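> Sequence first, then the predicted structure:
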Amino acid sequence: DRRVLEEDLRDALARDEIWLAYQPVVNAQTNIVTGFEALMRWNHPERGNISPALFLPIAEEANMIGELGEWALRKACEEAATWPGKMKVAVNVSPIQFAKDTLPKVIKEALSHSGLAPGRLELEITESVFLQDSDDTDAKFQALKDIGVRLALDDFGTGYSSLGSLTAFPFNKIKIDKSFIADLTRNYKSTAIVCTIVTLASGLDMSVTVEGVETREQFERLKALGVNFAQGYLMGLP
Ligand code: C2E
Ligand code: CA
Ligand code: CA
């Protein structure tokens, strides 16, 4: 099954089967939409839309993640350039993409080709990028910072959640993983964690986005905890 999908995936871009869904991100205090996260979809001819959680690991193993990731960056910049005002777009960058020397160049080209202002592009990076060589990681972050794009630390709270990485790298934003939001109103421990991350981020001059907000009750609780941005099925499906 996996092999068949892998074969199909090889032609998916050329056959125009890959597309981007956009999920709104709202300012939790004002309820105003400030931007969207681009989430990749594959409209398979027989199976319909397939989640990236299924096909991205296949793309990674089959050495196709670079091509797909670059396409997503270019496409998201092109589409976001047509949106009104200061609306931002967030694009996920996988650790394999991050490790490539060409990433800064790919981003510069996507920006110049689309005309999108660098400050409107936010790259979502997970902690697994820190598992690689650290000199190189420093240089990569500096190169991205120099371009002027914004950087978000994705899925915070699930991996090592290293506090050192928060001070060592120039993140603008922390995204708290949706697992902490799911049981927020039932589990005081999740509330404590969200509350602590909000305080930590504010001290580090970073903002906080929570993902996976599904109920009004969760949203009210998160607002009271002082989170800056919220994303989830309550505000809008991708
Ligand atoms: P992620 O970056 O953590 O994205 C959030 C995931 O949560 C998305 O799953 C989104 O559809 C889902 N989600 C949003 N709101 C809710 C909610 O209220 N409740 C629940 N239960 N889930 C919610 P999706 O779209 O299946 O994407 C899965 C993962 O695939 C993403 O996780 C991201 O790591 C990766 N991904 C998606 N698009 C791209 C891409 O263009 N490039 C790369 N490198 N990775 C991508
Ligand atoms: Ca993300
Ligand atoms: Ca996430």
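That came through, no problem. Ligands and ions are numbered 1, 2, ... in the order given.

> C-alpha only now, for contacts and for neighbours.
Will do.

> So is stretch 199-212 next to ligand 1?
Yes - for stretch 199-212, a contact with ligand 1 is found by Cα under 6 Å from any ligand atom, at Gly212.

> following the lowest-mean-pLDDT helix or strand in the chain, which helix or strand shows up next?
Ranking every helix and strand in the chain by mean pLDDT, DSSP states H and E puts helix 163-168 at the bottom, with a mean of 88. For helix 163-168, the following helix or strand on the C-terminal side (DSSP states H and E) is strand 173-176.

> For that next one, buried residues please.
Residues 173-176 are the ones in strand 173-176 that count as buried (16 or more other Cα atoms under 10 Å).

> farthest pair in these?
Using Cα to Cα, those span at most 9.7 Å, a distance reached by Lys173 and Ile176.

> got any residues that touch both of those two?
208-209 (Cα atoms under 8 Å, 6 or more residues apart in numbering).

> before we move on, the earlier item: and the buried residues of strand 173-176 as TSV, adding distance to ligand 1?
Converted to TSV, the buried residues of strand 173-176 look like this (distance: Cα to the nearest ligand atom, whole Å):
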residue	distance to ligand 1
Lys173	14
Ile174	12
Lys175	9
Ile176	9
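
> Tell me the one of those nearest Leu166?
Using Cα to Cα, these come closest to Leu166 at Ile174, 9.0 Å.

> quick one on the thing from earlier: can I get the least confident helix or strand of the chain in PDB? Just the C-alpha atoms.
The C-alpha coordinates for helix 163-168 follow below in PDB (Å, rounded to 0.1, in the frame of the first residue of the first chain):
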ATOM      1  CA  LEU A 163      14.600  26.200  27.300                       C
ATOM      2  CA  GLY A 164      18.100  26.700  26.000                       C
ATOM      3  CA  SER A 165      16.800  26.600  22.400                       C
ATOM      4  CA  LEU A 166      14.400  29.400  23.300                       C
ATOM      5  CA  THR A 167      17.200  31.700  24.200                       C
ATOM      6  CA  ALA A 168      19.700  30.500  21.600                       C
END
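
> packing partners for it?
Using 3 or more Cα pairs under 8 Å, 6 or more residues apart in numbering; DSSP states H and E, no helix or strand is in contact with helix 163-168.

> Need the contact partners of it.
Contacts for helix 163-168 (Cα under 8 Å, 6+ apart): 130, 204.

> Go through that helix and flag the buried ones.
Buried, per 16+ other Cα under 10 Å, within helix 163-168: Leu166.

> same thing with stretch 65-78?
65-66, 68-78.

> Check stretch 129-140 too.
Buried residues in stretch 129-140 (16+ other Cα under 10 Å): 129-130, 137, 140.

> Give me the neighbour count for Pro95.
17 (other Cα atoms under 10 Å).

> Which other helices and strands does the top strand by length along the chain contact?
Counting by DSSP state E, the longest strand found in the chain is strand 33-44. Strand 33-44 makes packing contacts with strand 18-27, strand 48-50, helix 52-61, helix 65-80, strand 88-93 when contacts are defined by 3+ Cα pairs under 8 Å, 6+ apart.

> Next, format the ones you listed as CSV and append mean pLDDT.
Formatted as CSV, the helices and strands packed on strand 33-44 follow (pLDDT from 0 to 100):
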stretch, mean pLDDT
strand 18-27, 98
strand 48-50, 93
helix 52-61, 95
helix 65-80, 97
strand 88-93, 98
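
> which bits of this structure sit near ligand 1?
Residues of the chain lying near ligand 1 (Cα under 6 Å from any ligand atom): 39-40, 51-53, 69, 72, 92-94, 212-214, 232-233, 238.
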